[in-house]
Structures are given as C-alpha cells and as structure tokens.
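Engineer: Coordinates only, no sequence provided:
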C-alpha cells in the first residue's frame, strides 16, 4: 500500500501531452470555453448570494464577495480570449481559484450554504487531476478540507453537530473520489494515446502514422494531377543544447510550441508529423513548386514563439503526376531523404533558414523500373 502511494506521489503531471492531445483533436477552444463558462457561473452564484439572507452579510463581506466574483470573471475572460494557458499560467489559475473558492465558502453567513459552496472544490480538483501533478492534487485537497472543517465547526457551534460532521465527511469523500476518477481516466487515455497514431508529447502523427497517411495521400492521386507534392522537414536548432541547459521539460515545451505553431500555419489538408527529438514533417500539395510562403510563415512563427528557438528547414517538391503509379512508401522514403539533406544544408548555413530542392531525380520514377 505504501509503495503504491509513493508511486502515485512521484507521477509527473500530464500537462504537455494532454494539451497536445486536445490540440490535435481541435478541442482546446471548447475546453477553454467550458472553463470560462464554469468560472462565469461561479461568479454569478456568488453575486446572487448577496441578495440572500444566507449569503454574505456586512459591508466587508459583501465587498470581498464582489472582489472574488470580479476576479473569477477576469479569469473567465482570460480563458475565453487568450486561448490555452502555459503550464505556469495554469498553476497560477489553480492557486487563485482555490483562494476564491475558500473565500466564497467562508463568506456565507449560513454555514450550510458555505458547505454547499465547498462542493465546487471538486470541480477544481478534477482540473488538477487532468493536467497537474499529484502534489498539486494533495495541496488542493488539504486546502479544501481545511476550509470545510472551518465551516463544519461553525455548524457545530450553531447547534447541529450531526450535520456538520456528515457534510464534512461528504465533502472529503467528494474531493477524493472526483479527482481520482479523473486521474484514472487520464491514465487510461494515456495508454490509448501510446497505442495509437498520436505522438504523446506533441499530439501530431508519429512516424508510422505519418508514413501511412501520406502514402495514402499519394496513392489517392490520379496520373493526370498537375499539382506538386511538397515535403517540408523542420529541425529545431540547438535543441540538444536546450536539453542540456534547461532540462527535458524545457525541451517538451519547445516541441509542444513548435507543434502548435505548425497547426496554426498550415492548411487543414496538410499532414503534420513529429519524429523523435526535434524533427517535424509537413506533407501537402501546391499548384507550383514555390512553397516559400508556407516555409517563411513556419520559420518566422517558430522564431517568435517561446522559447524563441530557430529552425533549419529542408523542402523538396516533385510533380504529383506519376507518383501514384509507384510504391508510395518508397517514394516517400526517397523524398524524406532529400528533405532531410536539405535541412542539413540549412543547418550548416547557420540555421534559421530554409533550403529548397525542386524536382530532384527520383530512383522510384525511373523509366526502367516497372510500375506498381
């Protein structure tokens, strides 16, 4: 039992991979709005309690309730307008929200209403269980329990010890069961992620899935297609140095930021993948061999996005016509080799740049090789 608790306590947070998982499925915006709506509802509940005889009484308590309500609305606006927070911003949100919840419970003149308000700690505990570490879960539990204990003591002093003890036990159970249920869900989800096509750090396609999806993309084209197939290889500059100087967590942040940048700067039809370490791949088709607008958007966005690293980018383009008649895996392997070589040229030139290879001779398209 003790070893199980110790193992649970040492678990890392799930912030980066779950953030990437939501982003890969386009669910970040909906999650932001859900949090914003929840905070708005909490603020409305607190403001409405001012009109109840069971709510805050006295000028000081009323002012404190208004301050907490305004702070909650400000956080709601941040979630709705600024988008997904960084890990540090999320931890700050948890701290401020916990203080607001405690204040909302303790300000109620009727301790029964204060106990009712205490159930909202379970909602915050669920968020922590999904995104943050067990240590933060434990801290929130202690904070919620202390708050509930103070309110329960008030119930006992009001002459109803049975209600005080029973509601305290209820809140303790709710604040244990709810986050642990969410954490179990995250664990199961994590196992599924590791067994699917999604890279757990960035939420992009992993190597195998990228090859399969792009091969299907090539095979679906007909022989009269007059567009050009483009492969972009992106390698983050000085990534090894970043890992050595700031650690693995900083490396994960850089990869997550790069992945988000690629999602925002590519078309919906583009296929984006992530290789181990700091290599990213984009596959798409263009009407010409000129993909420089896309490449410059990607390069500039990575450069301007924290942690403001740079990227060496290799680009290869080839006519779509004829690709579908050859083994797509072989075509893709050859194009990726060209793109990787181009990225290496960009790196040797100092990084933060791109090198293009247009219509290279492909072995898989030689006339003397039979069609597939």
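Structural biologist: Here it is on my side, so go on. Quick caveat: nothing in here was measured; it's all calculated off a predicted structure.

Engineer: going forward, measure contacts and count neighbours with C-alpha atoms only.
Structural biologist: Fine.

Engineer: what's the domain layout of the chain?
Structural biologist: Per automatic domain parsing, the domain ranges recorded for the chain read 2-194, 207-365.

Engineer: Out of those domains, flag the one nearest residue 201.
Structural biologist: domain 2-194 (4.5 Å; CA to CA).

Engineer: Measure how far that closest one is from the centre of its chain, please.
Structural biologist: The chain centre lies 20 Å from the centre of domain 2-194; the measure is CA atoms, centre = their mean, to the nearest Å.

Engineer: Could I get the average pLDDT for it?
Structural biologist: Averaging pLDDT along domain 2-194 gives 88.

Engineer: With stretch 330-345 instead?
Structural biologist: Across stretch 330-345, the per-residue pLDDT values average to 90.

Engineer: Same question for stretch 348-365.
Structural biologist: On average, stretch 348-365 scores 87.

Engineer: Please enumerate the helices of this protein.
Structural biologist: Counting by DSSP state H, the chain has helices at residues 2-9, 15-24, 28-49, 59-82, 87-107, 111-118, 120-131, 134-157, 161-194, 207-219, 239-246, 248-265, 292-304, 328-348.

Engineer: so residue 66 makes contact with residue 45?
Structural biologist: No - in this structure, residue 66 is not within contact of residue 45 by CA atoms under 8 Å, at 11.1 Å.

Engineer: which one of the helices of the chain lies closest to residue 320?
Structural biologist: Of these, nearest to residue 320 by CA to CA is helix 207-219, at 7.8 Å.

Engineer: helices or strands up against the closest one?
Structural biologist: Packing partners of helix 207-219 (3 or more CA pairs under 8 Å, 6 or more residues apart in numbering; DSSP states H and E): strand 271-275, helix 328-348.

Engineer: Off-centre distance for the shortest one?
Structural biologist: In terms of CA atoms, centre = their mean, the gap separating the centre of strand 271-275 from the centre of its chain is 16 Å.

Engineer: which helices and strands sit right next to that strand?
Structural biologist: Short answer (3+ CA pairs under 8 Å, 6+ apart): strand 271-275 packs on helix 207-219, strand 279-286.

Engineer: returning to what we had before: quick one: the helices and strands packed on helix 207-219 as CSV, columns for distance to residue 15 and mean neighbour count too.
Structural biologist: Listed next are these as CSV, based on distance: least, CA to CA, whole Å; neighbours: other CA atoms under 10 Å:
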stretch, distance to residue 15, mean neighbour count
strand 271-275, 18, 23
helix 328-348, 31, 19
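
Engineer: returning to that earlier point: out of the helices and strands packed on strand 271-275, nearest to residue 178?
Structural biologist: helix 207-219 (34.7 Å).

Engineer: Now tell me what touches that closest one from outside.
Structural biologist: The contact list for helix 207-219, computed with CA atoms under 8 Å, 6 or more residues apart in numbering, reads 197-198, 271-275, 283, 320, 323-325, 328-329, 332.

Engineer: what angle sits between it and strand 279-286?
Structural biologist: 10 degrees (axes from the mean of the first three to the mean of the last three CA atoms, to 10 degrees).

Engineer: Tell me the buried residues in helix 207-219?
Structural biologist: 207, 209, 210, 211, 213, 214, 215, 217, 218, 219 (16 or more other CA atoms under 10 Å).

Engineer: so can I have a markdown table of the helices and strands packed on helix 207-219 showing distance to residue 293?
Structural biologist: Listed next are these as a markdown table, based on distance: least, CA to CA, whole Å:
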| stretch | distance to residue 293 |
| --- | --- |
| strand 271-275 | 17 |
| helix 328-348 | 17 |
